[in-house]
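> Quick one, fold the following:
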Amino acid sequence: MRQKTYRVLRAIVFAAAIIHLTACGSTRTSSSNLPGGAPVAASSHAASGPLLGAWWDAGHNGLRAVYGVVGAAHQGPPTISDGSYSGGAACNRKNIALLTASSGSVFSVVLPQGEPIEISGSGVPKASIVFSPSCATSLVYSPGSPAALLVQGLLSTPTATSVSLPAGNSVAAIADSGSILIAVPAANGASSIELLASGTSAFQAVSVLSKFGGMAFLPGADAALLADAAANTVVEASHLTTNISLTPLAAAADGVSQPVAVAVSADGQLAAVANSNGSSVLRLDLSGKSAPVTTICHCSPTKLEPLAGNFAFRLNDPGSAIVWAFDGNSSVPRVLFIPTDQTAAQGTTVAHGGSR
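Presented below is the predicted three-dimensional model:
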């Protein structure tokens, strides 16, 4: 009996070793955790695994998917890059993207390898694209131009409706309901924030920021965060479609320092503020139960584009040499990187993030 038990245990250990070696053989690692480290080349079939995010690669006129998790990810090869499309953007929390053609036509596509479906033949050429927190709604617009396209029902049956924005607009944000916020710069550097409530046709004033520092809707609500880069403040503008109220959330004493972007977690419990002064990301607990946390980034954050998951964001444009990401889900937030080089641009390099 003892010998039989021994043989069984030995067989189990042997099988576990084989599984471990097989797993190790498919693990992709980097030769360094520093941005300058040379990544290890992976096979041409490496573009698989959980989808962390995707973004438009202007250099290849295609969508580039990023597989893995924050801190250990690699970029797949550009897809949908046959020259039919001139731009695009992804909503990574729901793995959906919008593409634009040079004619202005707009297409939706399910990531990572769905077929584009036209949802409008008369969109906005050279458009910017923003998504609502749930990814169900989007606004396709060209900063400065009044012409825009409101896309709704993205997760089911998309429909597109033309809307008119204030002339001279610079930045837009959109709510799950379809309400739209627009920033309109003034000659003195200030920006007026105006709202087009869902189902209405006239914009109304919400607030004036001494210097625009970002805005973002909360999920499932006509309420938004507004950041002022001159006053170093973040406020919540709530009851936007009824009686607008502005509630202070954070100031310089909390770590707000010349913000350039603000974003909200998928569950609406946390907020992130990207600071240009000091190059940092501030995490705010919107319930007020925990203190603000500042995480230094050895980069120049310019945006907070949501990645997959609850509270992770891309911090800069993907055309940069290194793509930086903020992961605020854990008790200790971190800033990581996804390095890119010529090999990665061909879709054959593993890019592992390193915390800072």
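> Please enumerate residues in contact with stretch 249-260?
Residues outside stretch 249-260 that contact it (Cβ atoms under 8 Å, 6 or more residues apart in numbering): 213-214, 225, 227-229, 231-236, 271, 273-278, 280, 282, 284, 286, 292, 294, 301-303. The way it works is simple: take the backbone N, C-alpha and C, and place the C-beta from them, glycine included.
> Could I get the average pLDDT for it?
Across stretch 249-260, pLDDT averages out at 98.
> Repeat that for stretch 225-236.
Here the average pLDDT along stretch 225-236 is 98.
> Also stretch 98-117?
92.
> Figure out the length between the terminal residues of it.
9 Å (Cα to Cα, to the nearest Å).
> hang on, the earlier thing: which ones among the contacts of stretch 249-260 map onto strands?
In strands, judged by DSSP state E, the following of the contacts of stretch 249-260 are found: 213-214, 225, 227-228, 233-236, 271, 273-275, 280, 282, 284, 294.
> Count the residues that sit near residue 322.
16 (other Cβ atoms under 10 Å).
> can you tell me how far it sits from residue 335?
Distance of residue 322 to residue 335, computed by Cβ to Cβ, to the nearest Å: 11 Å.
> any residues in contact with both of these two?
residue 299.
> Does residue 236 touch residue 227 like I think?
No: applying Cβ atoms under 8 Å as the test, residue 236 and residue 227 come out as separate, 10.9 Å apart.
> Counting neighbours, go ahead and name the busier of those two.
Under the neighbour definition other Cβ under 10 Å, residue 236 and residue 227 were set side by side, and residue 227 has more, 28 against 17.
> Now the more buried one: closest residue in space that isn't a chain neighbour?
Closest residue in space to residue 227, ignoring its immediate chain neighbours: residue 213 at 3.5 Å, by Cβ to Cβ, 6 or more residues apart in numbering.
> I'd like the distance between the one you found and residue 282.
12 Å.
> what about the residue nearest to residue 227, distance to residue 256?
Relative to residue 256, and taking Cβ to Cβ, residue 213 is found at 8 Å.
> Residue 182 too?
Residue 182 is 23 Å from residue 256, by Cβ to Cβ.
> And residue 162, which helix or strand is it part of?
strand 159-164 (DSSP states H and E).
> let me fix that: residue 74
strand 72-79.
> Show me what that strand is packed against.
strand 62-69, strand 334-339, strand 350-351 (3 or more Cβ pairs under 8 Å, 6 or more residues apart in numbering; DSSP states H and E).
> switch the cut-off to 6 Å
Contact analysis of strand 72-79 by 3 or more Cβ pairs under 6 Å, 6 or more residues apart in numbering; DSSP states H and E lists strand 62-69, strand 350-351 as its packing neighbours.
> if we look at the longest one, which residues are touching it?
Judged by Cβ atoms under 6 Å, 6 or more residues apart in numbering, the contacts made with strand 62-69 from elsewhere in the structure are 49, 52-54, 57, 73-76, 78-81, 88, 112.
> for it, what is the average pLDDT?
87.
> Just the CA trace of that strand, in PDB.
Provided in PDB are the C-alpha atoms of strand 62-69 (Å, rounded to 0.1, in the frame of the first residue of the first chain):
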ATOM      1  CA  GLY A  62      -5.100  50.700 -38.000                       C
ATOM      2  CA  LEU A  63      -6.300  49.600 -34.600                       C
ATOM      3  CA  ARG A  64      -3.700  48.000 -32.300                       C
ATOM      4  CA  ALA A  65      -4.900  45.800 -29.600                       C
ATOM      5  CA  VAL A  66      -3.000  45.300 -26.300                       C
ATOM      6  CA  TYR A  67      -3.300  41.900 -24.600                       C
ATOM      7  CA  GLY A  68      -2.600  41.000 -21.000                       C
ATOM      8  CA  VAL A  69      -3.100  42.900 -17.800                       C
END
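> Please state the offset of that strand from the chain centre?
Centre-to-centre, strand 62-69 and its host chain are 12 Å apart (Cα atoms, centre = their mean, to the nearest Å).
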